[in-house]
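>>> only the shape, not the letters, is given here:
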């Protein structure tokens, strides 16, 4: 087991060095040998192992190795060399298929998994959405992951982490070139269509959080035919928005880097900066909305989120209602 882990780490390092040079430059076998502390023969064996796993690596005498292309997978070999994080995603549990990444992450956390470990699946067969809904998760197209977080927070502040994740997700999609905005409480849209959702689950005592699972599903390469008929008018993907395929490993690494940056800021300075950025990225605030909760339906203007992330809705009668959870439908503006 340790030998296999060590071999994978060395292959990750080789991919990292080759990725830094890009697809146009070569890295000499001597340089790789020196950086890794391996013989040239050992480097060659690792390169051959990577080729067998689907990596196109070109070798030219007297010039060295060049990474031409990588397989479209989300294993540590593809993602870790691209990461710029200190914890998030550094330990990656990759699965070809899972019922739910949140369920797997929850079990791992109960068994002692550390802060920042991530579960990622190429497919979910029973992906979780909000309020018991199913998240449609076709194989090999999108990004489905759950991050294990162990923040030093009281339980009542744990819901703020959903807004932290939403900000990071919207920013990552914008960095990729999409017009992304956040719809309260935990969806991200591109041009009014849902592209991603967030599901946060908690294990806590009355006074402290044991761990939080932040689950995210992002439609990256789904096309119209991959959505059920009832979702085709309301769902989209980053690929559809950009008009080109998306490199999943690259997006995952960029998103996890953004998420960790915002987590660090939040844990260091509090919720104010997150709240301000969430408001700037929101598509909900300033809109007429219909909010459906377990107990009632509420119509009004979404005015703000309070310091805990609850939605503040001004009704036609003038009262300001605080909504902790519910489904929000954004209505046409009043005339």
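Arrived safely. The structure displayed is predicted, hence computed values, not measured ones. Numbers count the residues shown, from 1 in each chain.

>>> for the lengthiest strand in the chain, name the packing helices and strands.
When the chain is parsed with DSSP state E, its longest strand is strand 193-204. With contacts taken as 3 or more Cβ pairs under 8 Å, 6 or more residues apart in numbering; DSSP states H and E, strand 193-204 sits against helix 101-110, helix 160-175, strand 187-190, strand 209-218. No exception for glycine: its C-beta is placed from N, CA and C like everyone else's.

>>> do that again at 6 Å, thanks
Strand 193-204 is packed against helix 160-175, strand 187-190, strand 209-218, with contacts defined by 3 or more Cβ pairs under 6 Å, 6 or more residues apart in numbering; DSSP states H and E.

>>> let me know which of these is the nearest to residue 62.
Closest approach to residue 62 among these (Cβ to Cβ): helix 160-175, 38.7 Å.

>>> helices of the chain, residue ranges please.
Remark: helices assigned in the chain by DSSP state H are 2-21, 29-36, 40-52, 76-79, 101-110, 160-175, 238-242, 248-269, 272-281.

>>> neighbouring contacts of the fourth one?
The set of residues that contact helix 76-79 without belonging to it, under Cβ atoms under 6 Å, 6 or more residues apart in numbering, is 12, 70, 92, 249, 252, 253.

>>> what number of residues lie near the first one?
Read it as residue 12. Neighbour count of residue 12, defined by other Cβ atoms under 10 Å: 19.

>>> what sits against it?
By Cβ under 6 Å, 6+ apart, the contact list for residue 12 reads 77, 80, 81.

>>> same thing but 7 Å
Counting by Cβ atoms under 7 Å, 6 or more residues apart in numbering, residue 12 touches 76, 77, 80, 81.

>>> what's the distance between it and residue 20?
Distance, residue 12 to residue 20, using Cβ to Cβ, to the nearest Å: 13 Å.

>>> cool, and the third one?
With distances defined as Cβ to Cβ, the gap from residue 92 to residue 20 amounts to 20 Å.

>>> out of the two, which sits in the more crowded spot?
In this view residue 92 and residue 20 are compared by other Cβ under 10 Å, and residue 92 has more residues nearby, 21 against 11.

>>> that concludes my questions; thank you for your assistance.
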